[in-house]
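S.K.: Can you look at this prediction? I've put the sequence above it.
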Amino acid sequence: MEVASPRFKARAAHKLADPALQKALTRVKIKFVPARAQAAADFGDFEALREAGRAIRDRALADLDLWLERFEREATARGAVVHWARDAAEANAIVLAIARENGVRKAAKSKSMVSEECALNDALEGAGIEVIETDLGEYILQLNHEPPSHIVAPVIHKNKEEIADLFEEKHHRPRQTGIAELCREAREILRPHFLSADMGISGANFVVAETGSTVILTNEGNGRLVTTLPRIHVAITGIEKVVPTLEDLSVLLRLLPRSATGQTITNYVSVNTGTRGEGESDGPQQFHIILLDNGRTRVLHSELREMLACIRCGACMNHCPVYQAVGGHAYGWVYPGPMGAILTPLYVGLENALDLPHAATLCGQCSAVCPVKIPLPDLMRKLREQQVERRLRPAAERRGLKLWAWVARHPRLYALGTRLAVRYLRWLADETGRIRVLGLAPEWTSGRDFPAPEPRTFRERWQAGERPGAQPGARP
Amino acid sequence: MNARELILGRVCAALNRDAAADAAARRGVDAHLDARAVGPQPAVTDDLVETFMQCAAALSSTVERVASADEVPARVAAWLQAHGLPAQAVGWTGPAALDWAAAGIALEVRPPRADDLAGITGAFCAIADTGTLMLLSGADTPAAASLLPETHVAVVPRARLVAHMEDAWRLLRAEAGRLPRAVNFVSGPSRTADIEQTVTLGAHGPYRVHVVLVG
Ligand code: SF4
C-alpha cells in the first residue's frame, strides 16, 4: 500500500473538517469503549489475564526462532507448505507463483492486514487474477477503491447511505436502505464467488507452534468459507504471530475479542491444520503458509521489540483521542491509531512518517487497555528521541530547541526571557483570559485555545518573598 | 542464502543467545510444550448446562434440552416448523442414525451443497464458558454442513459439555491424538457489525444456530 504518512498533518486537518466522518467516529466512543470496559469487568481478574497474555507473547518473542522452526516442522508434517518472505514483494511473488502453477483465475480473500501491508490485491490483479474481498467491510472498500480505516472495523468511516449508494451503483439492483437488507445483498453477491474461487487467501491471527496450525477469528463466516471451499488455501501472516501451545492460544482468544469489541469470543474461531484428509469432502488440497518478515526482525533487534507482542485488537485506537478525532485514513498506511503510530515508522522508515510518533497526547489510555500491556506512549517517546538523534526533526524546531537550551544555561537571560514571554502571552489573550491565536505559531491554535499564564513568573514571585501557604487565600 | 535462512538468521542475531543460552532455550521450549500450563479462566458455576444455555443464548443461539436421543427428531421437526423452515436437511453420519423420517424430516447424508437449507450436525463437544460448539472436520463430519446452509442444528449429548476451551483441547488430545484439518469453534449464527457498528445476524454463514442438548 502507498505510504501517505508524511502528509499526516494535512490529512488530519481535512478529516477534522469532515462532518460525516466526525459523526461516524462517535461510534468508536459509543460502541467499542463501553463494550470493552464491560467485558473486562465481567471477566473478573482481567489484569491477571492481561499479564498472562503478555507473558505468552514475551515467551514467543524471546525464542522466536525456535518456535518458528517448531511451527514449520509440525505444519509441514501435516502437508502444509511453509514459505518465508523477506518483504512484501517476495510474499506477493510467492502467491503469484502458486497461482500460476495451479492455473488460478479467481481468489476469494478474508480480511488480512498483512496482505494490505503487501498490497497483495494489486499484485494479483496486475497478473490478471480476479480478487474478491469477502469480509463485508473490506468488500465495500474494494468496491470503492479505498483502504481500511480501522483494523477491526475497516469501514467505520462510512454510513449506510453511502454504502447503499455504492451497492446500487455497482450491483445494479434496486437501492436497499436497511442495514440487514444491505448485508443480505452482499451475501447473495459474494456467495457464488466463494463457490467458484480457485484460491482462498486468509491472514492468521495466530499460528500455533505445537500443532502447526493457523488460527483465524471471524464473525461473518467468510474466513471459514475461504479456508474450506477453494482447492488451494494461502495463509499469509507475520513471523511474530506464533504462539507456543493451544493453552496459550486459549488465553489470547479470551483477550482479543474482549479488547476489540467486548465479545467473549468471536462467532467463529477456525484452527486449520494441514490439507484435506482422507475421505473428506471439503477442505483445501493445498495449504500454503507464508511467514513474512518485512521489517519485523529489525524491530526484534531494536529497543522497540515489545511492539511485536501486538495481537491487533484495535483497542488502542478505539481509546485514542487522536484516532477518535481524525480516524484511520489520516495515518496514511495500513495500521492506524497508537499501534500504527509506532508500526508505520518502524516498517516504512522513520523519515517517511515523521508526524506519527507525535500524533498522540501521551495520555496513556492506549497502554491502559492494551491486552498485552504494550507501553505505547513510551515507545512513541523512543521514536521521538530517535528522530532527534537522527536529526530528522525540522530545522526550525532544532534551531529553536538549541536556542532554548542556550538560554536555559544562562539564568539571567532565562529570567528576562520568561518575564517577557509571560507579558507577551498575556497581551495576546482576549478578555476571558484565553489565547485564541498564537502570534508566532498560529497553526498551534487553529483547532484549540489555551489559557494565558499568571502575570508574574515563579522566580519573580519567589524573589518577592512569596512562599507556599504563606499567604492563604491571597491571589498574586 | 534463501529467505528462510536469512530470516531465521536475523532472528538469531536479534536474540543474541550464546551456546549455553541456546541450549537452555531449547530445553525451555520442550518443557513449555510438555507442561501445557493453563492460564486464567473465567469462573463458571457447577451447573454447566445452565451456564452453557445462558452463554449460548447471549450469542443468539437457541438451545433446548431433551431427555433422550429418541426425542430429538420430533423436537427438531417442531422447531423447524415453528420457524417456517422446510423439513429438509443435509446431515452428518452421527445424527443420521436417529429416525428422522419418522418425524417427517428428509435428512440426506452427503457432501453439503450451496442450496442446502439446513445442516444437522453433532459436535465434538460444547464449551459452557462461551456457549460454543467445537466441530471437527472429517470424512463423516464435513465442515461445510455447519457453514453453507442458512440453518444449523447441532445435537450434543450432555456428557460432552465441558467448562472451558482448555478442557476441550484435553479431550481432543486424549481421543483423537492430533488435530483434524479443521477445528471450528462456533458461537452462534454468523454476524457482521461492519455497517455502522450495528449487529446483523446472518452474514456469510448460518442465520440461526439451534443446539439440542441430550440427557
Ligand atoms: S497495541 Fe495493544 S491495544 Fe493496540 S492493537 Fe496491538 S494489542 Fe491491541
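M.R.: Structure's in. What do you need?
S.K.: The residue nearest the centre of chain A: what's it in contact with?
M.R.: Geometric centre of chain A, nearest residue: residue A:335, 3.5 Å, by CA atoms, centre = their mean. Counting by CB atoms under 8 Å, 6 or more residues apart in numbering or on different chains, residue A:335 touches A:113, A:151, A:343, A:344. Heads up, the C-betas are built off the backbone N, CA and C, glycines and all.
S.K.: what do you get if the cut-off is 6 Å, keeping everything else the same?
M.R.: Applying CB atoms under 6 Å, 6 or more residues apart in numbering or on different chains to residue A:335 gives the contacts residue A:343.
S.K.: and it, what pLDDT?
M.R.: Here, the pLDDT recorded for residue A:335 equals 94.
S.K.: From chain B, how far out is it?
M.R.: 19 Å (CB to the nearest CB, to the nearest Å).
S.K.: Whether stretch A:40-57 contacts chain B - can you check?
M.R.: Yes: Stretch A:40-57 is in contact with chain B by CB under 6 Å from any CB of the partner chain, via A:43, A:48, A:49, A:52.
S.K.: Just give the nearest non-adjacent residue to the second one, would you?
M.R.: Same thing as residue A:48. Nearest residue to residue A:48, sequence neighbours excluded (CB to CB, 6 or more residues apart in numbering or on different chains): residue B:40, at 4.7 Å.
S.K.: how about the one you found, secondary structure?
M.R.: Secondary structure for residue B:40, judged by DSSP: H, G, I helix; E, B strand; the rest coil, is coil.
S.K.: Could I get the buried residue list for the strand or helix carrying residue B:27?
M.R.: Taking DSSP states H and E as the criterion, residue B:27 maps to helix B:19-35. For helix B:19-35, burial by neighbour count (16 or more other CB atoms under 10 Å in any protein chain shown) applies to B:25, B:29, B:32.
S.K.: quick one: contacts for the residue in the stretch 101-250 of chain A that the ligand sits nearest to?
M.R.: Nearest residue of the stretch 101-250 of chain A to the ligand, counting by CB to the nearest ligand atom: residue A:151, 6.8 Å away. Shown in contact with residue A:151 (CB under 6 Å, 6+ apart): A:113, A:312, A:314.
S.K.: Dump the buried residues of helix B:19-35 to TSV, plus pLDDT.
M.R.: Converted to TSV, the buried residues of helix B:19-35 look like this (pLDDT from 0 to 100):
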residue	pLDDT
B:25	97
B:29	97
B:32	98
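S.K.: ok, so of those, who is nearest residue A:136?
M.R.: Closest approach to residue A:136 among the buried residues of helix B:19-35 (CB to CB): residue B:32, at 38.5 Å.
S.K.: And the spatially closest residue to the closest one that is not a sequence neighbour, its phi and psi?
M.R.: In space, and not counting its chain neighbours, residue B:32 is closest to residue A:244: 5.5 Å by CB to CB, 6+ apart. Dihedral angles of residue A:244 (phi, psi; degrees, to the nearest 10) stand at phi -60, psi -60.
S.K.: ok, residue A:244 touching residue A:209?
M.R.: Yes: counting by CB atoms under 6 Å, residue A:244 touches residue A:209, with 5.2 Å between them.
S.K.: okay, these two: which has more neighbours?
M.R.: Set residue A:244 next to residue A:209 and count neighbours by other CB atoms under 10 Å in any protein chain shown: residue A:209 wins out with 27 against 24.
S.K.: residues contacting the closest residue to residue B:157 other than its chain neighbours?
M.R.: Excluding its sequence neighbours, the residue lying closest to residue B:157 (CB to CB, 6+ apart) is residue B:214, at 4.9 Å. Neighbouring residues of residue B:214 by CB under 6 Å, 6+ apart: B:66, B:69, B:157.
S.K.: what does residue A:8 give?
M.R.: Applying CB under 6 Å, 6+ apart, the residues near residue A:8 are A:332, A:355.
S.K.: Could you do residue A:369 as well?
M.R.: Neighbours of residue A:369 in contact, by CB under 6 Å, 6+ apart: A:315, A:319.
S.K.: what about the strands in chain A?
M.R.: Counting by DSSP state E, one finds strands in chain A at the ranges A:81-85, A:106-109, A:130-133, A:199-202, A:206-208, A:213-218, A:232-238, A:242-243, A:268-272, A:286-292, A:434-435, A:450-451.
S.K.: Quick check: next helix or strand after the helix holding residue B:27?
M.R.: helix B:48-58.
S.K.: What pairs with the helix or strand following that following helix, parallel or antiparallel?
M.R.: Tracing the chain past helix B:48-58, the next element assigned as helix or strand by DSSP H and E is strand B:62-66. As defined by DSSP bridges, the strand partners of strand B:62-66 come to strand B:208-214 (parallel).
S.K.: orientation of the strand it pairs with relative to helix B:48-58 in degrees?
M.R.: 170 degrees (axes from the mean of the first three to the mean of the last three CA atoms, to 10 degrees).
S.K.: average model confidence for strand B:208-214?
M.R.: Average pLDDT, strand B:208-214: 97.
S.K.: Please apply the same query to stretch B:132-152.
M.R.: 96.
S.K.: How far does it sit from its chain's centre?
M.R.: 8 Å (CA atoms, centre = their mean, to the nearest Å).
S.K.: Ends of it, what's the gap?
M.R.: 13 Å (CA to CA, to the nearest Å).
S.K.: how near is residue A:346 to residue A:304?
M.R.: Distance of residue A:346 to residue A:304, given as CB to CB, to the nearest Å: 6 Å.
S.K.: What about residue 91, how many residues nearby?
M.R.: You didn't pick a chain, so chain A it is. When neighbours are counted by other CB under 10 Å, residue A:91 comes out with 28.
S.K.: Not quite, go with chain B.
M.R.: 26.
S.K.: Check the contact between it and residue B:107; I expect there is one.
M.R.: Yes: contact status for residue B:91 versus residue B:107: in contact at 4.7 Å, counting by CB under 6 Å.
S.K.: element containing the residue nearest to the spatial centre of chain B?
M.R.: By CA atoms, centre = their mean, chain B has its centre lying nearest to residue B:134, at 2.3 Å. According to DSSP H and E, residue B:134 maps onto strand B:132-136.
S.K.: For residue A:27, find the nearest of the strands of chain A.
M.R.: strand A:213-218 (20.5 Å).
S.K.: in chain B, which spans are strands?
M.R.: So, for chain B - with DSSP E - the strands run B:62-66, B:88-91, B:106-108, B:118-121, B:125-127, B:132-136, B:151-157, B:161-162, B:182-186, B:191-192, B:200-201, B:208-214.
S.K.: Dump those to a markdown table, plus distance to the ligand.
M.R.: Formatted as a markdown table, these follow (distance: least, CB to the nearest ligand atom, whole Å):
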| stretch | distance to the ligand |
| --- | --- |
| strand B:62-66 | 32 |
| strand B:88-91 | 39 |
| strand B:106-108 | 44 |
| strand B:118-121 | 34 |
| strand B:125-127 | 24 |
| strand B:132-136 | 23 |
| strand B:151-157 | 31 |
| strand B:161-162 | 28 |
| strand B:182-186 | 21 |
| strand B:191-192 | 20 |
| strand B:200-201 | 25 |
| strand B:208-214 | 29 |
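S.K.: Good, wrapping up.
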